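*Asks:* Got a predicted model here, sequence first, then my questions.
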Amino acid sequence: MIGTLVGPSYVIYGAPVSPTSQPSSHPSVQPSCQPTIQPSHQPASQPSCPPTSQPSTQPSTQPSRQPSGQPTSQPTLQPSSAPSTQELSLSHLNNARGFKMSLGSVVSSAGDLNGDGVDDMLIGASWFNSNTGIAYVVFGSKNGVFQNIDFATWVTGPTTGFRILAAAAVDFCGHSVSSAGDVNGDGVDDVILGSQGGNPASGRGNAGISYVIFGRKVTSAAGNAFTDVQLPTTAMAAGVGFRILGVGGSDLSGTSVSGAGDVNGDGIDDVIVGAFCADPPLLQGDSNGGIAYIIFGKNMTGSTAAFGDIELSSIVSGSSAGVRILAAAAGDQLGLFVSRAGDVNHDGISDVIVAARNADPEGLSAGSDAGISYVIFGHKMIAATDDIQLTDSPLPSHIGFRILGAVVNDFSGSSVSCAGDVNGDGIDDIVIGAYQADPPTLSAYSDAGITYVIYGRDVPGDAVPFGDIYLSTIVTGSTIGFRILGANVGDSSGYRVANAGDVNGDGVGDISIGALYADPQPSKANAGISYVIYGRKSFGGVNPFSDVDLAMMSYGSHVGFRILGAAAQDRSGNSVSGAGDINGDGFDDVIIGTPVGPSYVIYGAPVHPP
């Protein structure tokens with residue numbers, strides 16, 4: 001799925017596409033990157049998390065990342081002479097390939113929320129109605145027939161979906177959205193969404209509120225079909241869901257939310273919520289160190305009681321409700337991005353990944369913003385553990401491991417996700433975006449971006465346990481993962497990354513990457529390009545990947561395909577996600593969001609090697 005910041009979103013189906021178009025070199029003037037904390041239309045009354053001395057995208061002591069006329073060393077790509085499966089233009093999307101929706105700055109799969117056996121989608125638009133925000137659940141269809149959706153005229157119904165309406169003005173409802181798994185143990189998937197501007201109580205302005213909405217198996221349109229969900233200002237009713245209430249004013253909890261899988265091994269899925277402006281106990285005083293919270297699901301089967309509000313202030317050392325992950329240093333902004341990681345160490349219990357894109361790895365100067373991501377292992381005793389206090393040292397091997405950014409201002413961890421099993425070894429992998437990194441194929445300060453895939457390991461078996469992973473060591477021929485190199489100067493590839501599911505049906509997981517400032521054509525500056533990179537099976541323990549150079553994508557359909565933004569300044573790829581199989585054809589689909597236009601769904605389909 002692909003989303004835009006303030007307009008429509010797109011779902012895209014895999015299939016033959018229109019002829020490739022001639023890409024351009026990047027324009028000499030690169031607009032400033034989209035702020036990751038708040039959209040550009042953020043009102044002045046909304047507090048900004050970073051301290052005033054630290055801009056959200058670039059420290060004042062560093063030179064500009066985008067020179068005015070930086071040439072690219074990449075050869076110009078030649079257009080194909082015939083339609084191919086390597087490229088799809090959103091401006092030519094038809095309903096045989098996918099469909100578009102009139103908005104969707106943040107997009108996600110919803111799992112199967114209504115229990116009909118078909119995956120559904122969750123679309124967020126936090127800017128809607130003067131930043132009050134709104135979210136939409138769009139049901140999948142077994143008959144595989146979708147038309148373009150205009151949410152202005154779209155009607156809630158048993159075959160269409162429903163709206164999730166904000167509790168209060170300027171809540172930024174839907175700033176982050178995600179499938180949640182089955183949090184209440186009823187056998188049906190649930191969803192989670194964040195309202196980072198939510199006010200849980202007087203004196204806690206912008207503490208943030210996250211909401212879990214329960215799915216249910218719909219048995220009849222006249223019986224228990226979904227209607228619009230009006231988020232309340234008090235505890236949610238039994239059977240509807242529950243609220244997760246931020247702690248302190250301006251914590252902005254819910255800026256990032258995700259399903260976590262079953263982290264504590266009790267058979268019930270859990271969720272994770274980031275509060276990147278929160279102050280950990282050891283870093284009091286407007287530190288913006290950040291806290292991530294894992295909230296445990298619980299089996300409500302047979303109960304008529306409400307799940308009840310979860311106060312994040314109650315999740316402390318030894319809590320039975322969840323676990324805190326506490327930032328190592330002031331200004332790290334831990335929890336700006338959180339995600340399920342799958343089962344990276346292959347012990348049968350789900351893990352999570354939490355990013356601190358502003359963190360400073362050892363060996364780099366203070367304020368380097370190279371970024372650090374942390375993988376935290378799930379285990380059955382996690383509910384009895386103390387807080388997970390991150391430090392400047394490697395994590396204990398039973399807790400997890402660190403992934404340290406390579407170079408000053410890379411902002412590694414600008415997006416993180418489970419990648420699925422991209423190398424076909426039966427173990428989940430992870431993907432990390434560093435959207436301001438400079439590929440070796442381009443000069444310094446290119447901001448083309450690099451995405452890193454790190455392979456999981458069978459740690460309980462004979463694999464070497466995880467320790468610190470330095471992204472600087474992942475180079476051509478690496479055995480621990482591989483790099484995906486941005487194509488052109490200023491593309492910001494890796495701004496968003498996601499597990500795409502199995503788009504081409506080969507039994508191996510694929511990933512999607514957003515490069516929101518890429519230029520598909522000279523006339524489409526900052527239209528954005530999104531990429532689907534196919535997984536490949538390893539044979540004989542040989543790494544099936546080396547570096548993937550996105551500038552060369554059109555030369556091999558076995559690598560993946562590009563999705564070209566429709567119009568200048570659309571910034572498609574602002575959000576990317578797997579959609580699951582929403583049209584019931586057996587292939588996973590992808591969603592792409594844009595901040596200023598539609599979102600798109602693109603259908604998966606088989607692809608034959610050239």
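*Replies:* Yes, it's here.

*Asks:* Show me the shaky parts of the stretch 1-150 of the chain.
*Replies:* 1-85 (pLDDT under 70).

*Asks:* give the contact list for Ser176.
*Replies:* The contact partners of Ser176, by Cβ atoms under 8 Å, 6 or more residues apart in numbering, come to 106, 124, 193-194, 196, 254-258. Heads up, the C-betas are built off the backbone N, CA and C, glycines and all.

*Asks:* what's the answer for Ala356, then?
*Replies:* By Cβ under 8 Å, 6+ apart, the residues touching Ala356 are 290, 327-328, 332-336, 371-374, 390, 413.

*Asks:* what's the closest of the contacts of Ser176 to Val607?
*Replies:* Checking the contacts of Ser176 against Val607 by Cβ to Cβ gives Val106 as the nearest, at 27.9 Å.

*Asks:* Please name the bridge partners of that closest one.
*Replies:* Gly124 (DSSP bridges).

*Asks:* Please tell me how far it sits from Ser178.
*Replies:* 9 Å (Cβ to Cβ, to the nearest Å).

*Asks:* just Val464 next, same as before
*Replies:* Val464 sits at a distance of 32 Å from Ser178 (criterion: Cβ to Cβ).

*Asks:* For the two, indicate the residue with more neighbours.
*Replies:* More crowded of Val464 and Ser178, by other Cβ atoms under 10 Å: Ser178, with 28 against 9.

*Asks:* what kind of secondary structure is that one in?
*Replies:* The three-state label given to Ser178 by DSSP: H, G, I helix; E, B strand; the rest coil is strand.

*Asks:* Mind listing what's buried along stretch 477-486?
*Replies:* By neighbour count on 16 or more other Cβ atoms under 10 Å, the buried set for stretch 477-486 is 478, 480-486.

*Asks:* Secondary structure added to those residues, as TSV?
*Replies:* Shown next, in TSV, are the buried residues of stretch 477-486 (three-state DSSP):
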residue	secondary structure
Ser478	coil
Ile480	coil
Gly481	strand
Phe482	strand
Arg483	strand
Ile484	strand
Leu485	strand
Gly486	coil
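
*Asks:* quick one: which of the residues you listed is nearest to Phe128?
*Replies:* Lowest distance from Phe128 to these (Cβ to Cβ) belongs to Gly486, with 31.1 Å.

*Asks:* That closest one: what's it in contact with?
*Replies:* 437, 439, 442, 446, 448-450, 492-494, 515, 550.

*Asks:* Distance of it relative to Gly371?
*Replies:* For Gly486, the distance to Gly371 (Cβ to Cβ) stands at 16 Å.

*Asks:* picking up where we left off before, now render the buried residues of stretch 477-486 as JSON lines, adding distance to Arg536 and pLDDT.
*Replies:* Below are these laid out as JSON lines (distance: Cβ to Cβ, whole Å; pLDDT from 0 to 100):
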{"residue": "Ser478", "distance to Arg536": "15", "pLDDT": "90"}
{"residue": "Ile480", "distance to Arg536": "16", "pLDDT": "93"}
{"residue": "Gly481", "distance to Arg536": "13", "pLDDT": "95"}
{"residue": "Phe482", "distance to Arg536": "10", "pLDDT": "96"}
{"residue": "Arg483", "distance to Arg536": "15", "pLDDT": "97"}
{"residue": "Ile484", "distance to Arg536": "13", "pLDDT": "97"}
{"residue": "Leu485", "distance to Arg536": "17", "pLDDT": "97"}
{"residue": "Gly486", "distance to Arg536": "21", "pLDDT": "97"}
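
*Asks:* can you redo those residues as JSON lines with distance to Asn583?
*Replies:* JSON lines is the format used below for the buried residues of stretch 477-486 (distance: Cβ to Cβ, whole Å):
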{"residue": "Ser478", "distance to Asn583": "37"}
{"residue": "Ile480", "distance to Asn583": "36"}
{"residue": "Gly481", "distance to Asn583": "32"}
{"residue": "Phe482", "distance to Asn583": "31"}
{"residue": "Arg483", "distance to Asn583": "33"}
{"residue": "Ile484", "distance to Asn583": "27"}
{"residue": "Leu485", "distance to Asn583": "32"}
{"residue": "Gly486", "distance to Asn583": "31"}
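
*Asks:* And these, which two are furthest apart?
*Replies:* Across the buried residues of stretch 477-486, the longest distance by Cβ to Cβ is 20.7 Å; it joins Ile480 and Gly486.

*Asks:* Show me the shaky parts of the chain.
*Replies:* Checking the chain against pLDDT under 70 turns up 1-85, 540-541, 554-557, 608-610.

*Asks:* residue ranges of the helices in it, please?
*Replies:* Ranges of helices in the chain, per DSSP state H, are 128-131.

*Asks:* tell me the residue furthest from the middle of it?
*Replies:* Distance from the C-alpha centroid of the chain peaks at Ala222, with 35.7 Å (Cα atoms, centre = their mean).

*Asks:* do you know how far it is from Pro158?
*Replies:* Distance of Ala222 to Pro158, given as Cβ to Cβ: 9 Å.

*Asks:* now swap in Ile399 and tell me
*Replies:* Note on Ile399: its distance to Pro158, by Cβ to Cβ, is 46 Å.

*Asks:* what do you get for Gly424?
*Replies:* Remark: distance between Gly424 and Pro158 (Cβ to Cβ) = 39 Å.

*Asks:* Now do the strands in the stretch 501-610 of the chain.
*Replies:* Remark: strands assigned in the stretch 501-610 of the chain by DSSP state E, counting those that start in this stretch are 510-515, 529-533, 548-549, 560-564, 575-580, 589-593, 599-602.

*Asks:* can you pick the most crowded of the contacts of Ala356?
*Replies:* Counting neighbours by other Cβ under 10 Å, Gly290 comes out on top of the contacts of Ala356 with 35 neighbours.

*Asks:* Hmm, that residue is touching Asp332, no?
*Replies:* Yes - with contact defined as Cβ atoms under 8 Å, Gly290 reaches Asp332; the gap is 5.8 Å.
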